[in-house]
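Asker: Kindly return the folded structure for what I paste below:
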Amino acid sequence: MTPLLDEVVLSDSSLQANKVTMSSKASKLYLAWLTPDVLLQTGASTILGAAVYLGHSYFAFTISEGVSARPHLVTGIILGMLLVARVVLGITRMYAGVQQVQAFAKSCRSLAVLSVSVTETLTISAAAEVEKKATTRFRYELVRLLNLAFFCYTLMLQGMKLAVPPSSLRATEDTKLEAEILSAVENPAVMVTKMVANLLEQQRSAKRISNELAAVLAEKVCDLIDTYHASLAVALAPSPVALTSFTYFFTTAWAYTAGVTLAMSELGDNTYTAGAGLALTVTYTAFLSLFTFGLYEAGNVVEAPLKAVTELLSTEDLMSSLSDDLASLVDDPTVPVFLPKK
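Answerer: Just a heads-up that it's a prediction; the model follows:
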């Protein structure tokens with residue numbers, strides 16, 4: 001970087017910190033595919049392959065000349081393509097969930113930016129102070145509700161529901177009533193969005209915003225609801241049970257017969273000593289089984305894409321970053337950062 005740029009450009013520490021956090025969470029999932037079930041299935045298929053090889057070596061049973069590994073090989077190629085397609089489908093659904101999270105945050109920021117157009121109506125000097133306080137109060141409530149909406153939204157992504165709003169996001173008036181309403185409804189995020197719509201309508205009725213701007217703000221509120229329901233659709237979408245069952249059955253069948261096929265068609269001949277042939281059978285079977293079952297496990301993200309999203313994204317950092325942006329965008333120093341970084 002040139003000296004001139006050094007004087008005017010700074011490193012975005014917040015962005016870098018978010019990247020580091022995401023990389024740290026991703027590294028913890030590095031071996032997520034290596035589950036106990038994968039290891040158990042791999043061990044069982046390897047033992048089966050070794051048993052067949054030992055049986056052929058010591059009992060010398062006759063193998064038909066018609067036995068060929070080609071059907072097994074062709075089946076494995078087709079099965080591998082299916083497993084890869086399943087992984088790609090799961091990743092696609094996961095990134096669709098990430099886009100919904102960013103779209104919800106984008107709509108919140110857009111509302112905060114547009115709120116600067118809400119100005120007090122100055123009629124007489126006696127009412128000017130009242131109008132100024134009302135406008136300040138509106139921006140405070142808008143930022144609080146937008147933070148609360150995103151908080152409820154992230155809870156939905158994690159399969160949880162709001163019981164009591166955080167102390168920093170509670171209303172200064174009618175705190176108990178708002179908490180009871182949000183804990184009673186099925187979709188707290190939608191209810192908070194409705195509160196935002198009511199707040200904007202109050203400003204339109206007080207003629208602090210024009211009808212044209214009110215229409216634009218209403219569209220942004222609708223975007224919040226659309227994004228919420230799009231994410232909910234991903235969460236409630238039924239998993240492809242038939243595909244999962246079909247893939248699991250043939251993955252298991254192929255992996256368990258892989259060692260048998262190797263032992264009977266390639267490693268059971270007399271060109272290998274008993275120890276070398278057994279070692280090759282065990283090694284190849286373990287590798288093929290681990291690869292196949294691991295690839296199947298990696299594709300399980302297709303069944304719960306939002307779970308993968310919450311495991312990769314740092315929701316606390318997202319909320320803190322959004323809260324800081326909202327407090328800055330409303331252009332009002334009295335509005336605090338409701339969810340500061342820890």
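Asker: Run through the helices of the chain in chain order.
Answerer: Under the criterion DSSP state H, the chain contains helices at 3-8, 13-28, 36-59, 70-114, 125-157, 175-184, 188-205, 211-236, 241-265, 274-298, 305-312, 315-329.
Asker: can you put those in CSV and add mean neighbour count, distance to residue 340 and mean pLDDT?
Answerer: Every residue, glycine included, has its C-beta placed from N, CA and C. Converted to CSV, those look like this (neighbours: other CB atoms under 10 Å; distance: least, CB to CB, whole Å; pLDDT from 0 to 100):
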stretch, mean neighbour count, distance to residue 340, mean pLDDT
helix 3-8, 8, 28, 56
helix 13-28, 12, 12, 67
helix 36-59, 17, 40, 85
helix 70-114, 17, 17, 89
helix 125-157, 19, 11, 84
helix 175-184, 14, 21, 82
helix 188-205, 19, 20, 91
helix 211-236, 16, 23, 90
helix 241-265, 18, 43, 85
helix 274-298, 19, 37, 85
helix 305-312, 20, 22, 80
helix 315-329, 19, 6, 87
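Asker: of all these, which lies closest to residue 337?
Answerer: Nearest to residue 337 among those is helix 315-329 (4.6 Å), distances taken as CB to CB.
Asker: quick check: angle from that closest one to helix 305-312?
Answerer: Angle of helix 315-329 versus helix 305-312, following axes from the mean of the first three to the mean of the last three CA atoms, to 10 degrees, is 80 degrees.
Asker: neighbours of residue 34, just the number please.
Answerer: Neighbours of residue 34 under the rule other CB atoms under 10 Å: 15.
Asker: go on, residue 332?
Answerer: By the criterion of other CB under 10 Å, residue 332 has 17 neighbours.
Asker: What is the end-to-end distance of stretch 328-341?
Answerer: By CA to CA, to the nearest Å, the extent of stretch 328-341 from end to end equals 15 Å.
Asker: which parts of it are buried?
Answerer: The neighbour-count check on stretch 328-341 (16 or more other CB atoms under 10 Å) flags 329-330, 332, 335, 337-339 as buried.
Asker: quick one: least confident of those?
Answerer: Least confident of these in the model: residue 332, at 81.
Asker: which ones are touching that one?
Answerer: 136, 139-140 (CB atoms under 8 Å, 6 or more residues apart in numbering).
Asker: Next, residue 331: phi, psi?
Answerer: Phi and psi for residue 331, reported as degrees, to the nearest 10, are phi 60, psi 50.
Asker: next one: the one 3 residues further on
Answerer: Main-chain dihedrals, residue 334, degrees, to the nearest 10: phi -80, psi -10.
Asker: Show me the protein divided up by domain.
Answerer: Following automatic domain parsing, one gets these domains for the chain: 34-57+68-97+240-311, 103-237+316-329.
Asker: How far does the last one stretch from one end to the other?
Answerer: Taking CA to CA, the first and last residues of domain 103-237+316-329 lie 17 Å apart.
Asker: So what's the gap between that domain and the chain middle?
Answerer: When C-alpha coordinates are averaged (CA atoms, centre = their mean, to the nearest Å), domain 103-237+316-329 and its chain have centres 23 Å apart.
Asker: Surely residue 292 and residue 248 touch.
Answerer: No - applying CB atoms under 8 Å as the test, residue 292 and residue 248 come out as separate, 10.9 Å apart.
Asker: quick one on the thing from earlier: I'd like the buried residues of stretch 328-341 written out as TSV, with distance to residue 46 added.
Answerer: As requested, these are exported to TSV (distance: CB to CB, whole Å):
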residue	distance to residue 46
329	59
330	62
332	66
335	63
337	56
338	55
339	51
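Asker: ok so, going back, what's the closest of the domains of the chain to residue 16?
Answerer: Nearest to residue 16, of all those, is domain 103-237+316-329, at 11.6 Å by CB to CB.
Asker: Distance to residue 16 added to the domains of the chain, as TSV?
Answerer: Listed next are these as TSV, based on distance: least, CB to CB, whole Å:
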stretch	distance to residue 16
domain 34-57+68-97+240-311	21
domain 103-237+316-329	12
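Asker: follow-up on the earlier one: make TSV out of the helices of the chain and add distance to residue 165.
Answerer: Formatted as TSV, the helices of the chain follow (distance: least, CB to CB, whole Å):
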stretch	distance to residue 165
helix 3-8	42
helix 13-28	25
helix 36-59	39
helix 70-114	17
helix 125-157	6
helix 175-184	6
helix 188-205	9
helix 211-236	17
helix 241-265	37
helix 274-298	38
helix 305-312	20
helix 315-329	13
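Asker: of all the ones you listed, which lies closest to residue 164?
Answerer: Proximity to residue 164 (CB to CB) singles out helix 175-184 among those, at 5.6 Å.
Asker: now the closest one and helix 125-157, what's the angle there?
Answerer: Orientation check (the same axes, to 10 degrees): helix 175-184 against helix 125-157 gives 30 degrees.
Asker: Can you list the helices and strands that helix 175-184 packs against?
Answerer: With contacts defined as 3 or more CB pairs under 8 Å, 6 or more residues apart in numbering; DSSP states H and E, helix 175-184 has these neighbours: helix 188-205.
Asker: neighbouring contacts of the helix it packs on?
Answerer: With CB under 8 Å, 6+ apart as the contact definition, helix 188-205 has outside contacts at 111, 118, 138, 141-142, 145-146, 148-149, 152-153, 155-156, 161-162, 178, 181-182, 185, 209, 211, 214, 217-218, 221, 224-225, 228.
Asker: so that helix versus helix 125-157, what angle?
Answerer: Taking the same axes, to 10 degrees, one finds that helix 188-205 is oriented at 160 degrees with respect to helix 125-157.
Asker: Many thanks, I have nothing further to ask.
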